[in-house]
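A.B. asks: next one to model:
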Amino acid sequence: MKKFLIVIAILIVIGAIASTNSGSDDDSSGDGQTVETKDNRVSSKDKKGKVKVTDKDFSVKEYHYVNILKNTEYFLVVTNNSAPSVGIDINMTAYDKDNNVIGAGNGSITVLGKGETSIAPIYFNNVDNIDHVSYNMTYDTSPFYSPVLSDLKIVENVNPKNVVVTITNNGSKAAKFVEVQALFFDSKGNLVNNNSTFITDNDFEIKPGATISEQLDFYGKSFAKVECYYTGRR
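C.D. replies: Residues are numbered from 1 along each chain as shown. You can find the predicted model right below:
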């Protein structure tokens, strides 16, 4: 009887071991899939859990001109093609035709939502012979402020000597510190002048449902085209 019980116990142990091994094989396959998915998520985040973005997530256009004071005004027009809202800081270095460093400047965009386009002006004081530039853009995917540009209805009326911008806030919250940069181009497509102004009330806001207009003048003989870009936040 004892031998029979021992045999039964041995069979139970063997069965348990076989079942465990079989489960390990299945779990190994499952873990492999889980690890792959987890790695895919981690690859898009930093160690603090913030979503990571790279330069490839943004489209950038560059404009510049030398003003009457012989200073170079540079503009980066940036479109956010990534999912998160971001704050952007820019450090730019300017070079002459012999690749000598002749200037440096900084710019920023406080917050830029998904699909939004905004502008970062960068000013080079007493530098008027820039041949090319290099720049680094750093991104904060957890910005303190929220984007607001997608809430704004914007109408631009272009006249021979100015552009009048009218903005209506269609959002449910106030749009704060809304600013427009107007870039004026000649018939050859060269940037020849710019102007900027805030479009806000006395509280530096556009209240929900409110409409505000501002005029941006062109200082020169004539221009062929104007492009307006906006910044703002909630």
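A.B. asks: now stretch 211-218, how far from the chain's geometric center?
C.D. replies: Distance of stretch 211-218 from the chain centroid (C-alpha atoms, centre = their mean, to the nearest Å) equals 26 Å.
A.B. asks: list the strands paired with the one helix or strand residue 119 maps to, with their directions.
C.D. replies: Assigned by DSSP states H and E, residue 119 belongs to strand 117-124. Here strand 117-124 is paired, per DSSP bridges, with strand 72-80 (antiparallel).
A.B. asks: and the following helix or strand past the strand holding residue 119, average pLDDT?
C.D. replies: Where DSSP H and E defines the elements, the next helix or strand beyond strand 117-124 is strand 132-140. Across strand 132-140, the average pLDDT comes to 97.
A.B. asks: wait, residue 165 sits on residue 199?
C.D. replies: Yes - using C-beta atoms under 8 Å, residue 165 is in contact with residue 199, at 6.3 Å. Quick note: C-beta positions are derived from backbone N, CA and C, even for glycine.
A.B. asks: what sits in contact with each of those two?
C.D. replies: Common contacts of residue 165 and residue 199, defined by C-beta atoms under 8 Å, 6 or more residues apart in numbering, comprise 180, 213, 214.
A.B. asks: for the second one, which non-adjacent residue is closest in space?
C.D. replies: Okay, so that is residue 213. Distances taken as C-beta to C-beta, 6 or more residues apart in numbering place residue 166 nearest to residue 213, at 4.3 Å, with adjacent residues excluded.
A.B. asks: measure the residue nearest to residue 174 when sequence neighbours are not counted to residue 177 for me?
C.D. replies: Leaving aside its sequence neighbours, residue 174 sits nearest to residue 205 (C-beta to C-beta, 6+ apart; 4.2 Å). Counting by C-beta to C-beta, to the nearest Å, the gap from residue 205 to residue 177 is 8 Å.
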